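>>> A predicted structure for the sequence below; I have some questions about it.
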Amino acid sequence: MILIKSKGLRSFIKAAVPFVIVPVMTVAGALIFDGKRQIFVAMGVAAMALLLFAAGFEKKSTGTRRMVIVAVMVALCFAGRFIPFLKPIAALTIITGLYLGGEAGFLVGAMSAILSNFYFGQGPWTAFQMLAWGLIGLFAGLLSERLLKSRPLLLIYGAVTGVAYSFIMDIWTVLWYDRGFEIKLYLAALVTAIPYTASYVVSNLVFLYLLAPPFGEKLARIKVKYGV
């Protein structure tokens with residue numbers, strides 16, 4: 001596990017990777033590369049997610065322990081994609097961010113997308129899924145203090161991120177259709193995607209309601225026991 005010692009560099013990575021570097025890589029990759037080369041974009045995003053995760057801890061042993069837990073959460077997300085209709089990926093990503101930090105949440109969201117898409121199919125959508133689920137986990141970590149104190153607020157966050165996921169994915173829809181961004185096409189895509197957006201919202205609400213208490217309890221115990 002790489003240890004980044006400079007506090008200034010860690011702060012730069014935490015700001016630049018999720019909000020500048022990964023979004024630019026994702027959009028530029030969709031515009032520049034053809035479908036067969038999109039895996040390189042996704043791999044680049046995965047590398048940036050790992051770098052962001054490494055910037056989130058100061059002790060090598062702590063980061064290694066967190067990585068083991070993150071690997072388990074990614075495996076659960078991978079298995080969750082095989083559930084028909086309702087998917088628990090965003091909910092599990094949110095739970096990771098709440099208890100292990102935003103960097104871990106971003107990594108779980110990003111890695112869940114790229115790994116599961118080796119089965120469901122890789123393409124320009126993969127990087128957008130990585131970005132969307134990654135940001136959902138990242139913001140869960142940033143807002144964890146408030147979200148952990150209020151279950152209704154956590155469910156509201158789940159609903160909002162279900163809509164946000166659809167908004168991000170429809171950017172790819174427009175870029176794929178027109179090789180550029182047209183606001184009218186984007187609005188049309190959002191309207192067309194309303195049934196899917198509703199399923200994302202319902203999935204997040206259902207799985208956060210069911211999984212947040214038991215998973216949160218287990219993760220909280222692990223944090224105390226292993227000093228994560």
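Now that the structure is in, tell me what you want to look at.
>>> Going by C-alpha atoms from here, please, whenever you check contacts or count neighbours.
OK.
>>> Tell me which other helices or strands the longest helix seen in the chain touches.
With secondary structure taken from DSSP state H, the chain has its longest helix at helix 194-226. With contacts defined as 3 or more C-alpha pairs under 8 Å, 6 or more residues apart in numbering; DSSP states H and E, the packing partners of helix 194-226 are helix 89-100, helix 151-178.
>>> averaging pLDDT over each of these, which comes out lowest?
In terms of average pLDDT, helix 151-178 trails the rest of those, at a mean of 93.
>>> which of the residues in that one are buried?
Buried positions in helix 151-178, judged by neighbour count with 16 or more other C-alpha atoms under 10 Å: 154-175.
>>> Out of the helices and strands packed on helix 194-226, which is closest to Gln38?
helix 151-178 (12.4 Å; C-alpha to C-alpha).
>>> just the angle between the helix or strand hosting Val191 and helix 194-226, please?
With the criterion set as DSSP states H and E, the secondary-structure element containing Val191 is helix 183-192. Relative orientation of helix 183-192 and helix 194-226, computed by axes from the mean of the first three to the mean of the last three C-alpha atoms, to 10 degrees: 80 degrees.
>>> so how far is helix 183-192 off the chain centroid?
The gap between the average C-alpha position of helix 183-192 and the chain average comes to 23 Å, counting by C-alpha atoms, centre = their mean, to the nearest Å.
>>> same for that helix, what does it pack against?
In this structure, helix 183-192 packs against helix 151-178, with contacts taken as 3+ C-alpha pairs under 8 Å, 6+ apart.
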